[in-house]
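S.K.: A predicted structure for the sequence below; I have some questions about it.
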Amino acid sequence: MVAAPFLALAIAFPSWWLTALGRFLIVGEPPKNADVIVVLAGDWRGRRILHAAELIKQGYASRALVSGPRHHYGLYEHELAIAFAVKHGYPADWFIGVPMNTADSTEDEAAQMVPELRRRGARRVLVVTSDYHTRRAGRIYRRKAPDLDIRLVAAADAVFHAESWWKTREARKSFFLEMVKVVTSPLGI
């Protein structure tokens, strides 16, 4: 009986609660000066690498470590991402590719990237990822590296928009997959 008014409101105002669900995933922080930027893999449209390049251009860090699992025709993703940034006018020496032979999840990626950050003596790190990926990525990186000052910087995604994600198939898929991962990753699933 008590749930009926809430159900009626959800039906009457679907865009309100759908937007709230979309915004739940986004916990990006404003950038601040850092020792290095980390660009997470998984963005085949180039938004993450270009956002990191702009952060370097604005003086937040001098270099970016670009994660690179091998997934695309035998190439590491970082090779493609760095070439994309160079094609868009950014200097190649701003980027350092970090090949990852076994990473196929954000958890695996962090397990390989955090030791690289420590090896390089990084203490303050900007992690650039798609906006909808910031909640989970932040939780993972902060758990793996509680000794580092990690800020998640959101790169606007080309497909997912919190205010309208339910209107396109690709955005619905992004939302669903990320929400499932947000719920299941703390359980080790």
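M.R.: Structure's in. What do you need?
S.K.: any idea how far T102 is from E163?
M.R.: Counting by Cβ to Cβ, to the nearest Å, the separation of E163 from T102 is 37 Å. Quick note: C-beta positions are derived from backbone N, CA and C, even for glycine.
S.K.: Ok, A145 next?
M.R.: The gap separating A145 from T102 is 19 Å, by Cβ to Cβ.
S.K.: K32 too?
M.R.: Counting by Cβ to Cβ - K32 and T102 are separated by 32 Å.
S.K.: What are the boundaries of the strands in the protein?
M.R.: Applying DSSP state E to the chain gives strands spanning 36-39, 64-72, 75-76, 95-100, 124-130, 149-155.
S.K.: Quick one: residues in contact with the longest helix seen in the chain.
M.R.: Counting residues, the longest helix found in the chain (DSSP state H) is helix 169-184. If you take Cβ atoms under 8 Å, 6 or more residues apart in numbering as the criterion, helix 169-184 is touched by 21-22, 25, 106, 132-133, 135-136, 157, 159-161, 164-166.
S.K.: cool, and stretch 142-157?
M.R.: Under the criterion Cβ under 8 Å, 6+ apart, residues 26-32, 34, 37, 43, 47-48, 50-52, 55, 110-111, 114, 117-118, 122-132, 134, 137-138, 141, 174 lie in contact with stretch 142-157.
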